[in-house]
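Undergrad: generate coordinates for the sequence data below:
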Amino acid sequence: KHKRGNIERLRQRKPADSIEYWRALFERVRRSDFLMGRKTDWLCPGLEWLLEPKNFTKLIEGGFDNNREHRDGVR
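TA: Below is the predicted model:
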């Protein structure tokens, strides 16, 4: 069930979203101390958590960036 939901969420994204978009997005995740669990006891989120609309929106708006200084235009 979870995999099917992930596939549906990915399909709902704009077709113009390129591999470079996703690469930049996951680079943003990699740089985030919070999302990578470097500053908390929280485990790293999975793809399903990242694709939840509220979490995905917060991610692309830079809400998980360290000090929220790094806005690199991933939208």
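
Undergrad: where does the prediction get shaky in the protein?
TA: Low-confidence segments of the chain (pLDDT under 70): 1-17, 68-75.

Undergrad: longest helix in it, please.
TA: helix 19-31 (DSSP state H).

Undergrad: list the buried residues for it?
TA: Residues Leu25, Arg28 are the ones in helix 19-31 that count as buried (16 or more other CB atoms under 10 Å). In this view, the C-beta of every residue, glycine as well, is placed from N, C-alpha and C.

Undergrad: what about the helices in this structure?
TA: Assignment of helices within the chain using DSSP H yields the ranges 2-12, 19-31, 47-51, 53-60.

Undergrad: turn those helices into a markdown table, columns for distance to Lys39.
TA: Listed next are those as a markdown table, based on distance: least, CB to CB, whole Å:
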| stretch | distance to Lys39 |
| --- | --- |
| helix 2-12 | 27 |
| helix 19-31 | 12 |
| helix 47-51 | 17 |
| helix 53-60 | 17 |
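
Undergrad: out of these, nearest to Asp41?
TA: Proximity to Asp41 (CB to CB) singles out helix 47-51 among the helices of the chain, at 16.3 Å.

Undergrad: can you say which of the helices of the chain is nearest to Asn67?
TA: Among the helices of the chain, helix 19-31 sits nearest to Asn67 (CB to CB), with 11.1 Å.

Undergrad: please name every helix or strand in contact with that closest one.
TA: Judged by 3 or more CB pairs under 8 Å, 6 or more residues apart in numbering; DSSP states H and E, helix 19-31 is in contact with helix 53-60.

Undergrad: could you export the helix it packs on as CSV, CA atoms only?
TA: Output of helix 53-60 as CSV, limited to C-alpha atoms (Å, rounded to 0.1, in the frame of the first residue of the first chain):
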residue,chain,number,x,y,z
PRO,A,53,2.2,17.4,0.8
LYS,A,54,2.9,19.5,4.0
ASN,A,55,6.4,18.0,4.4
PHE,A,56,7.2,18.3,0.6
THR,A,57,6.1,22.0,0.6
LYS,A,58,8.2,22.7,3.7
LEU,A,59,11.2,21.0,2.0
ILE,A,60,11.0,23.0,-1.2
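
Undergrad: show me what it is packed up against.
TA: Judged by 3+ CB pairs under 8 Å, 6+ apart, the packing partners of helix 53-60 are helix 19-31, helix 47-51.
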